[in-house]
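J.: I need the structure of the sequence given here:
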Amino acid sequence: MALPWRRVRFLIYLAIAALIYQCLTSLRPRTSTLSPLAPQEDENVAIDSSNTSDDKMPSLDLPWYRSPHRRPNSQNDKYATIHLSTNERMTLQEQSVKRAQEVAEAVLGPVKEIRGSQVADVDSLRSKINCWTSGHWIPGKGYHVPKHFQDPLYGKCRSQDRLNYHWQIQEDQCPPMQYVDPNRWCHALNGRHVLLVGDLVQYQLHDVLLDAMRDGPTVCFGELNYHTLCAQPEARMRYLRNDVLSTIRRIDKAGGHPSVDIVQWPFTTKTMLKAYSVLILNRAPVVEDDETFIQEMVKTMHTIRQASPDMLIIYRSTSIGHPYCNDASSPLNRPLTDDELVKLPYGWSELQRRNAMAREIVEAAGGIFVDLAALTDLRPDGHVGGQDCLRYCIPGPLDTWAQVLYNVLLELEG
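T.: Prediction:
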């Protein structure tokens with residue numbers, strides 16, 4: 001018996017509506033499970049059902065909290081070691097750092113000198129850099145970029161209190177750092193071009209270096225173009241986003257649906273590496289186990305050294321983010337304890353160990369490891385805020401990143 005026409009028409013309309021809904025759903029941008037730029041309002045924070053009941057309850061876990069908060073959920077916590085005790089995590093760090101050293105030395109040599117520099121006493125320089133990044137924030141005026149000219153997002157912070165602190169080092173153990181002088185910086189670069197590679201926080205370093213080196217805004221055409229840092233002799237700077245410092249030679253388009261979680265723009269081609277003499281790197285996301293991290297980092301360093309043996313490699317350590325950073329009103333007076341670190345989401349609980357592993361690999365490749373995370377880990381008050389508790393306001397704490405790198409480059413060039 002044939003269906004009545006009205007019923008047939010209803011079924012056709014229903015099928016068309018379902019098809020339209022499916023198309024719209026497939027076109028909707030995916031929310032990155034790795035993104036640390038998560039909402040800060042408690043009612044919007046997902047709760048991880050795998051956590052204990054204590055993790056589901058609002059608490060004052062972290063020292064900048066002014067009111068209780070629940071722990072944000074992130075799927076890449078599957079690589080976290082928050083279920084281990086403090087002693088177990090310390091043992092794991094010792095084992096992982098030793099493993100990183102063994103693999104790096106087996107593959108990379110190791111390289112005893114600092115390639116691309118004039119340094120004779122390598123140990124003395126590394127000790128001086130470690131001293132510059134060991135300190136604390138105290139009230140008072142320090143070095144800040146004159147004005148932020150680049151991405152306007154970072155210059156719209158509500159509070160200016162972040163500018164009322166400066167980084168205090170132990171001057172009885174290392175010489176004081178000099179303020180940035182663009183002319184001296186250009187003299188030290190001596191016509192060498194700079195390539196910055198990393199995640200979105202690394203792009204902020206790109207911005208703050210432009211602010212420190214120039215007296216006005218520069219035209220930026222995204223990630224694929226360079227800026228002129230110095231006119232005579234000409235020195236250029238370029239930023240490429242590659243979150244995990246992979247050695248891929250072409251972008252994986254994933255059948256027309258590339259993932260928004262991790263961006264990997266190729267940077268290790270011979271053409272690219274031969275165009276630049278200074279490489280400033282950072283690898284942030286925790287998206288694999290320690291052994292995979294070691295193997296991939298060593299592979300990256302080996303690829304760079306094969307293409308450009310005399311490249312000056314500078315590696316920036318990765319900073320934690322500070323959940324609910326809107327609560328913070330001043331710098332921390334101490335680093336987080338391990339009991340506090342394990343409360344951090346998005347793999348931030350593992351960054352201390354990952355940074356220590358990266359140091360062994362970078363130094364085995366004849367590079368420089370600069371622990372800039374030691375500065376910004378203490379600045380929950382300096383973030384953009386709102387939904388962004390990873391990136392920082394400019395001017396702000398990142399200005400001291402530029403100051404440290406400036407002094408490092410002066411030392412590298414004698």
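J.: rest of the way, CA atoms for contacts and neighbours
T.: OK.
J.: burial count for the nearest residue to T268 once chain neighbours are set aside?
T.: Closest residue to T268 apart from its sequence neighbours, by CA to CA, 6 or more residues apart in numbering: T247 at 5.8 Å. The number of residues packed near T247 is 20, by other CA atoms under 10 Å.
J.: residue contacts, T247?
T.: 266-268, 299-300, 303 (CA atoms under 8 Å, 6 or more residues apart in numbering).
J.: doesn't it fall inside a helix?
T.: No. Using DSSP: H, G, I helix; E, B strand; the rest coil, the assignment for T247 is coil, not a helix.
J.: Need phi/psi at it.
T.: Main-chain torsions, T247, degrees, to the nearest 10: phi -100, psi 20.
J.: Please give me every residue in contact with D243.
T.: Shown in contact with D243 (CA under 8 Å, 6+ apart): 197-199, 262-264, 282-285.
J.: picking that back up, quick one: the residue nearest to T268 and L273, what's the gap?
T.: T247 sits at a distance of 12 Å from L273 (criterion: CA to CA, to the nearest Å).
J.: Quick check: neighbours shared by these two?
T.: F267.
J.: Run a quick neighbour tally on Y143.
T.: 20.
J.: for it, what are its contacts?
T.: Residues in contact with Y143 (CA under 8 Å, 6+ apart) are 166, 179-180, 399-400, 403.
J.: Quick check: it vs V180, distance?
T.: As judged by CA to CA, Y143 and V180 stand 8 Å apart.
J.: what's the spacing between the helix or strand harbouring A212 and its chain's center?
T.: Per DSSP states H and E, A212 falls inside helix 200-213. How far helix 200-213 lies from its chain's middle: 12 Å, per CA atoms, centre = their mean, to the nearest Å.
J.: Quick one: list the elements packing against it.
T.: If you count contacts as 3 or more CA pairs under 8 Å, 6 or more residues apart in numbering; DSSP states H and E, helix 200-213 packs onto strand 194-198, strand 226-230, strand 235-241, strand 388-392, helix 398-412.
J.: so how far is V287 from D261?
T.: For D261, the distance to V287 - CA to CA - is 10 Å.
J.: Of the helices and strands packed on helix 200-213, which shows the lowest average pLDDT?
T.: Looking at the helices and strands packed on helix 200-213, the lowest mean pLDDT belongs to strand 226-230 (a mean of 87).
J.: what's the distance between the residue nearest to T268 and M297?
T.: Taking CA to CA, one finds T247 at 10 Å from M297.
J.: what touches both of the two?
T.: With CA under 8 Å, 6+ apart, T247 and M297 have no common neighbours.
J.: how about C186, secondary structure?
T.: Of the three states, C186 takes helix under three-state DSSP.
J.: Now it: closest residue in space, sequence neighbours ignored.
T.: C230 (5.8 Å).
J.: A307 now?
T.: Nearest residue to A307 in three dimensions, chain neighbours excluded: K270, at 5.5 Å (CA to CA, 6+ apart).
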